[in-house]
Each structure stands twice: as C-alpha cells, then as structure tokens.
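> Task: produce atomic coordinates for the following.
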Amino acid sequence: LELPESATDGSAPPKRQKLNDEENSAFVYSLIEIAQKHQADDFSIYIAGQPVLSHSIHTRMQRDVPRFTALAVLIIFSLLFALFRRPTGVLFPLIVVILSMLSTLSLFGLTGKPFSIISQIIPSFIISVGVCGAVHLLAVFMTSTKLRKPFTLLSVLIELIKTESFSKLSQNRLLLYLSL
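Residues are numbered from 1 along each chain as shown. Sure thing, here's the model as predicted:
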C-alpha cells in the first residue's frame, strides 16, 4: 500500500468535494442496479450508507413537501373560517402566505441556490409565521372595530408594532441560522 504524494511530503491532502443531489442520485441508482444484477434467491444484497440515506430523504421530502404544504393550507383555511367566519378573515392570511411562499421560492431560483434538505423547512415556516401574523392583525383589528375605537387602523398598527417586532426579530434570527 502506497501513500499519496501529499501524505509523504507533509503537505495537506487535496480537499474532497461532496456530491451534489444529481450525482448522489446517479450513484445510488447505479448501486441499486448492481445489487439487482447480483441478487439471488439464496443471496440477498442490501445497500446502505450516507449516500443512500441522503437520497432516500431527499426523494421523500420532494414528494412529501408539496403534499403536506397543500394539506396545511387546507387545514388553515378550515380553521380560519371557523375562527373568523368571514371571507376576509380567510382570504387575507392565505394571500399573504401564498405570495410570501411564491416570492421566497422564486428567490431560490433567481439566486441559483439549491433547494436542500435543510431549506425544505422554509415553506412550513412561512405558513406558520404568515398565518400567525395575519391572524393577530385581524384579531386586533376586529376587536378594536367592535369596541368602536377611533383611528382603528392607526391603533392596530401601533399595537402590532409593539407585539410583533420581537417575534419577527427572533424569526429572522432563525432564518439567518438556517441560511448559514
């Protein structure tokens, strides 16, 4: 067994590059093909390891994220309708959430950033943050409207600035952490 040249002269070994998702999938499919070719009734071959696990998680997340996002929007639609019982109480939060999600996912495409396993949490995060903020806005607005407070819109905005600023700061910290 011979050591590479860099190991004997004291220099650092060359930096290894990770496979991207397409290369990893091609590698796993070739492993599956080889395993199936050598499979026999009395000899079973199982493939395992980090590339197989990464491929499995990636393909399942690609399949499940749109399904669960649509299901979450449907559940949120039902809960908003039960809570507010008005079209505005349902449509405004959903419009905010859907436009936010579309613009965020569009930025992924424009910047060329791949949609990775870690960044697949972003649609769920946008749904929860967007709906919570919109529900808070609508609840404060409807409460102040029922009480017939003067300058309703201004008082709602002042109330939201007080309460939502700290929650938005913590949410931005989480997004910054996820982007690193």
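> longest helix anywhere in this protein?
When the chain is scanned for its longest helix (criterion: DSSP state H), the result is helix 50-84.
> lowest-confidence helix or strand of the protein?
Taking mean pLDDT, DSSP states H and E as the measure, the chain has helix 5-8 as its least confident helix or strand, at a mean of 56.
> Which elements pack onto the helix or strand just after that one?
Past helix 5-8, further along toward the C-terminus, the next helix or strand under DSSP states H and E is helix 21-38. If you count contacts as 3 or more C-beta pairs under 8 Å, 6 or more residues apart in numbering; DSSP states H and E, helix 21-38 packs onto helix 50-84. All C-beta spots, glycine's among them, are computed from the backbone N, C-alpha and C.
> Give me the buried positions along the helix it packs on.
Of the residues in helix 50-84, those buried under the neighbour-count criterion (16 or more other C-beta atoms under 10 Å) are 51-52, 54-55, 58, 65, 69, 72-73, 76, 80, 84.
> so which of the residues you listed comes closest to residue 126?
Nearest to residue 126 among the buried residues of helix 50-84: residue 69, at 9.5 Å, using C-beta to C-beta.
> so what's that closest one up against?
101, 123-124, 127 (C-beta atoms under 8 Å, 6 or more residues apart in numbering).
> For the residues you listed, name the two members farthest from one another.
Taking every pair in these and measuring C-beta to C-beta, the maximum separation is 10.0 Å, between 101 and 124.
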